[in-house]
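Novice: generate a structure from the sequence data that follows.
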Amino acid sequence: MEASPCIPFLSALLFSLAFTSINLVSAARPEKANTEFIKTACGATTYPQLCFTSLAAHASVIQTSPKLLASTALSVTLSTAQSTSSDMSSLLKSHGLTPREIGAMKDCVEELRDSVDQLKKSMAEMSQIKNSNFGLIMNDIQTWVSAALTDEDTCADGFAENAMTESLKSEVNGRIVNIAHMTSNALALINRYASLH
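Specialist: I've put the predicted structure just below:
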């Protein structure tokens with residue numbers, strides 16, 4: 001009895017499918033490990049849910065590296081701070097603000113610019129870390145990120161007065177609280193990385 005010409009083709013197809021599914025399962029395991037690493041690390045931050053949601057999309061870059069986790073958290077925070085600063089600058093130009101609100105907005109925009117500058121310096125230094133200069137550079141980064149958080153808190157304090165309209169207070173505080181929480185999380189992950197060295 002002669003074998004059907006389809007049998008070698010079907011055999012090759014089945015082998016190919018089996019090999020592909022094994023590769024897919026193998027590829028999924030590191031991604032899950034990366035995501036679990038981020039989730040565990042974020043669990044030690046003050047705002048773990050925000051931490052995880054802001055970093056999970058970067059799992060393939062972060063992998064299971066504390067340095068890449070801290071660096072990515074800093075990068076995501078810097079990006080958000082820049083966006084928030086731009087939003088606040090635009091809000092300052094809106095019509096209908098009282099002189100007191102304009103003053104608070106100007107102060108806030110300045111504080112956010114300072115915060116962005118501190119975060120930029122921190123990002124630049126993260127790429128310069130070596131074993132020989134780890135302690136010195138890490139101390140600078142921790143100081144700058146902490147200063148950025150103080151700048152953000154100072155901005156929020158300017159809108160605590162009753163002289164501000166509720167809608168402006170709400171809009172500003174929502175944005176400032178978000179960036180302050182992200183900065184706090186980045187600082188926690190940077191401190192964690194520093195403690196491992």
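Novice: strands of this structure, residue ranges please.
Specialist: Using DSSP state E, no strands are found in the chain.
Novice: could you list the low-pLDDT ranges of it?
Specialist: The chain contains residues with pLDDT under 70 at 1-30.
Novice: one more time with 90
Specialist: Scanning the chain for pLDDT under 90 picks out the ranges 1-33, 91-100, 130-132, 156-171, 197.
Novice: would you map the helices across it?
Specialist: Secondary structure of the chain (DSSP state H): helices at 6-42, 48-55, 59-62, 66-92, 99-126, 134-157, 166-196.
Novice: next, the buried residues of the second one.
Specialist: To tie it back to what came earlier, the one meant is helix 48-55. Neighbour counts over helix 48-55 (16 or more other Cβ atoms under 10 Å) mark Pro48, Leu50, Cys51, Phe52, Ser54, Leu55 as buried. Using the backbone N, CA and C atoms, a C-beta is placed for each residue, glycine as well.
Novice: now the third one
Specialist: When burial is assessed from 16+ other Cβ under 10 Å, helix 59-62 yields the following buried residues: Ala59, Ile62.
Novice: ok, for Ala59, nearest residue in space, not its chain neighbours?
Specialist: Asn34 (4.0 Å; Cβ to Cβ, 6 or more residues apart in numbering).
Novice: quick one: contacts for the one you found?
Specialist: Residues in contact with Asn34 (Cβ atoms under 8 Å, 6 or more residues apart in numbering) are Ala59, Ser60, Ile62, Gln63, Thr64.
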